[in-house]
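Student: dropping a prediction and its sequence here:
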Amino acid sequence: MIVTFCETLIDSSLECKKGMKKLVFVLLISFLFFPILFIYPIAKKEEIIKILYTTSLNGNLDGCECKVASRAGLVKRASYLRSLTDRGNIILVDVGDILSARPDELLANEILETYREIGYDVIGVGDQEFSNGIEKLLKYREYNLLVSNNLAVCPDENICIFFL
């Protein structure tokens, strides 16, 4: 028998003690978990998280309707992303190379500001993000979530900054 009830309160047999412990345990678990059935719905609604990613803007604002390799620039990208009505479950990621390969600090600032306005959650660091120098890359990092799993910038011998 799984649970044995003691006939008297002073029954101290081993079998009676084990049975009482099991009964107390079952009752305790029942009282603890039974209210959860009323707090949480039995069938939870499934949530879907969408990850939208972009890459290789290359400092291109207007895009190119070239016959060989057409691409949208920042204007079309921003227009599309702003048109999304429900952004609640969307993670917006750019995987890098958003800046021009040629140094252009004004263009870089405008692109990064537009990325913040659009609502990018994270921006990967590509080789073109170094086009304005390491000092500027560190400055960009103050206002944008720039990440890289294999990058550490050491501006001097006493400090290194990791892009994690």
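Tutor: Now that the structure is in, tell me what you want to look at. Numbering: from 1, shown residues only.
Student: in the chain, which spans are strands?
Tutor: With strands called from DSSP state E, the chain shows them at 50-54, 90-94, 122-124, 146-147, 152-156, 159-162.
Student: in CSV: the ones you listed, plus mean neighbour count and distance to Leu61.
Tutor: (Glycine included, C-beta is placed from N, CA and C.) What follows is the strands of the chain, written out as CSV (neighbours: other Cβ atoms under 10 Å; distance: least, Cβ to Cβ, whole Å):
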stretch, mean neighbour count, distance to Leu61
strand 50-54, 14, 14
strand 90-94, 18, 15
strand 122-124, 19, 17
strand 146-147, 19, 20
strand 152-156, 11, 27
strand 159-162, 11, 29
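Student: the most centrally placed residue in the chain bridge partners, please.
Tutor: With distances taken as Cα atoms, centre = their mean, Ile91 lies nearest the centre of the chain, 6.8 Å away. For Ile91, the beta-bridge partners are Ile51 (DSSP bridges).
Student: show me the contacts for Ser56.
Tutor: Ser56 sits next to Gly96, Asp97, Ile98, Gly126 when contact means Cβ atoms under 8 Å, 6 or more residues apart in numbering.
Student: before we move on, back to that, same list (the strands of the chain) but as a markdown table, adding distance to Tyr140.
Tutor: As requested, these are arranged in a markdown table below (distance: least, Cβ to Cβ, whole Å):
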| stretch | distance to Tyr140 |
| --- | --- |
| strand 50-54 | 17 |
| strand 90-94 | 13 |
| strand 122-124 | 9 |
| strand 146-147 | 6 |
| strand 152-156 | 11 |
| strand 159-162 | 12 |
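Student: make CSV from those and add mean pLDDT to it.
Tutor: CSV is the format used below for the strands of the chain (pLDDT from 0 to 100):
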stretch, mean pLDDT
strand 50-54, 92
strand 90-94, 93
strand 122-124, 93
strand 146-147, 90
strand 152-156, 86
strand 159-162, 86
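Student: and those: which comes nearest Ala72?
Tutor: strand 50-54 (9.3 Å; Cβ to Cβ).
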